[in-house]
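Visitor: Here's a sequence, model it:
(one chain, ligands or ions: 1)
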Amino acid sequence: MSISQDLAYLRAADLDEALRHLEKDGACVHGGGSDLVTCLREGTVTCAQVISIGGLDDLRAITPTSIGALATIAELGRHEEIERRLPALAAAARAVGSPQLRNQGTLGGNLCQKPRCWYWRGDFHCLRQGGDTCYAAFGQNHGHAIFGAEACVYVHPSDTAVALTAYEARVRIAGPGRSSRTRTVPVDEFFVLPADDPTRETVVGRGEIVTAVEVPAPPDGHVGVYRKIRARGAWDFALTSAAIVLAFEGGDRGKPVRHARLVLGGVAPAPWRAAAAEQALVGRRLDESTIAAAAEAAVADASALDHNGFKIDLVQGVLREELQSLAG
Ligand SMILES: Cc1cc2nc3c(=O)[nH]c(=O)nc-3n(C[C@H](O)[C@H](O)[C@H](O)COP(=O)(O)OP(=O)(O)OC[C@H]3O[C@@H](n4cnc5c(N)ncnc54)[C@H](O)[C@@H]3O)c2cc1C
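Guide: Numbering: from 1, shown residues only. From the prediction side, this is the model:
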């Protein structure tokens, strides 16, 4: 399928030039293009001018506390410092799609990619397309949400976003107009739920560019894992995933949990923090009964659609297995 829209294309020389052009009507950001080009072909995204930021080398750097938006998913997955410091993020990056997609896709694009709902991406004038119905809510919804499914029931597709939420990352956004006008948003406020606005997925506004993700130092002695369940071994999005970051008193896995972040993917329109499960863990030893209580608490508010009740069991199973593996 070819792109049927007329497009102008600009490869920006620096961030100010990119921001200046993005102020114009119908301009859009091109990171690696692995999702944008598909959306332009499908007509789910319309754009008059594509602004490539691929030449902005300042946005590629990975430092201990900040990851540039143009760092590729492959770079994140093999970066030694990320592996040592943020193991759940490295594992999430390695779980994305396929080697080709990880080489081409950037962190900024991975966070800002569009949902994969087959109704929205198909020929349906659904709520997200400006219509008045979410067809997935009563149609083929085995891949759709069991949490936060109000108005529109798509699930957020990014693996890295789930891990970044567990690490309490912040997203740096520049613009509009000048690169010096930046704001920083906690990643758990970065995504917009459809009940608030079904036509957008993130707080990134017109004329803005995600420039980096800042990740604070995790608690001393923490452990982190990312587990993804998908229908195929590669080239596939999460049916359910979980990022878990824990720290134990005195760094001893036999002692009570002092810090817990549990975030679910593939089950909600944004990475979904399992706050009740975290509460079930903190202050307790990670034994069988604590793990069972946490897994149960994680799904207490879940609400299945006609075809995705299996996700409730998946969430519980994934949390049980991963927490058991961390119990030492
Ligand atoms: C077959 C297939 C399987 C996949 N499987 C997975 C998977 O398992 N897990 C997963 O997480 N992803 C998966 N993906 C998605 C893939 O990882 C994304 O396509 C990729 O991460 C997007 O990165 P990009 O740099 O190519 O973004 P682009 O395609 O360039 O952009 C994507 C969107 O983000 C916007 N954007 C890009 N960069 C910025 C920025 N810096 N600031 C503001 N907006 C920006 C663009 O305007 C566009 O709307 C899959 C994709 C395909 C096609």
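Visitor: what bits of the stretch 101-250 of the chain have low per-residue confidence?
Guide: Where the stretch 101-250 of the chain drops to pLDDT under 70, the residues are 177-180.
Visitor: Mind jotting down where the helices sit in it?
Guide: 107-112, 159-166, 187-190 (DSSP state H, counting those that start in this stretch).
Visitor: C-alpha coordinates for the first one, CSV please?
Guide: When you say that, I think you mean helix 107-112. Output in CSV follows, covering the C-alpha atoms of helix 107-112 (Å, rounded to 0.1, in the frame of the first residue of the first chain):
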residue,chain,number,x,y,z
LEU,A,107,12.7,5.6,22.4
GLY,A,108,10.7,8.7,21.6
GLY,A,109,8.8,7.0,18.8
ASN,A,110,8.2,3.9,21.0
LEU,A,111,6.5,6.1,23.7
CYS,A,112,4.5,8.1,21.1
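Visitor: any bit of it sitting next to the ligand?
Guide: Yes: Helix 107-112 is in contact with the ligand by Cβ under 6 Å from any ligand atom, via 108, 109, 110, 112. Bear in mind the C-beta positions are built from the backbone N, C-alpha and C, glycine included.
Visitor: Who wins on neighbours among these?
Guide: Neighbour count (other Cβ atoms under 10 Å) singles out residue 110 as the most crowded of those, with 29 neighbours.
Visitor: That one is in contact with residue 160, isn't it?
Guide: Yes: taking Cβ atoms under 8 Å as the contact criterion, residue 110 and residue 160 are neighbours in contact, 5.1 Å apart.
Visitor: Need the overlap of contacts for the two.
Guide: Here residue 110 and residue 160 have 73, 96 as joint contacts, going by Cβ atoms under 8 Å, 6 or more residues apart in numbering.
Visitor: Now do the buried residues in stretch 225-238.
Guide: 225, 226, 227, 228, 229, 230, 237, 238 (16 or more other Cβ atoms under 10 Å).
Visitor: now, which of those residues sits nearest the ligand?
Guide: Of all the buried residues of stretch 225-238, the one with the least separation from the ligand (Cβ to the nearest ligand atom) is residue 237, at 4.6 Å.
Visitor: Show me what from the stretch 51-200 of the chain comes close to the ligand.
Guide: 69, 73, 96-97, 101, 104-106, 108-110, 112-113, 157-159.
Visitor: where does the helix ranked longest in the chain sit relative to the chain's centre, distance-wise?
Guide: With secondary structure taken from DSSP state H, the chain has its longest helix at helix 310-326. Mean-position distance between helix 310-326 and its chain equals 19 Å (Cα atoms, centre = their mean, to the nearest Å).
Visitor: Numbering from 15 from now on, please.
Guide: Taking 15 as the first residue, the last one we looked at is helix 324-340.
Visitor: Spell out for me which residue occupies the centre of the protein.
Guide: The C-alpha lying nearest the average C-alpha coordinate of the chain belongs to residue 175 (Cα atoms, centre = their mean; 2.7 Å).
Visitor: show me the contacts for the nearest residue to that residue once chain neighbours are set aside.
Guide: Distances taken as Cβ to Cβ, 6 or more residues apart in numbering place residue 285 nearest to residue 175, at 5.0 Å, with adjacent residues excluded. Residues in contact with residue 285, defined by Cβ under 8 Å, 6+ apart, are 170, 172, 175-176, 178-179, 201-202, 205, 257, 277-279.
Visitor: show me where the stretch 165-314 of the chain has strands.
Guide: Applying DSSP state E, counting those that start in this stretch to the stretch 165-314 of the chain gives strands spanning 184-188, 196-200, 223-228, 237-243, 254-262, 271-279, 286-287.
Visitor: Identify whichever of those lies nearest to residue 97.
Guide: strand 237-243 (10.3 Å; Cβ to Cβ).
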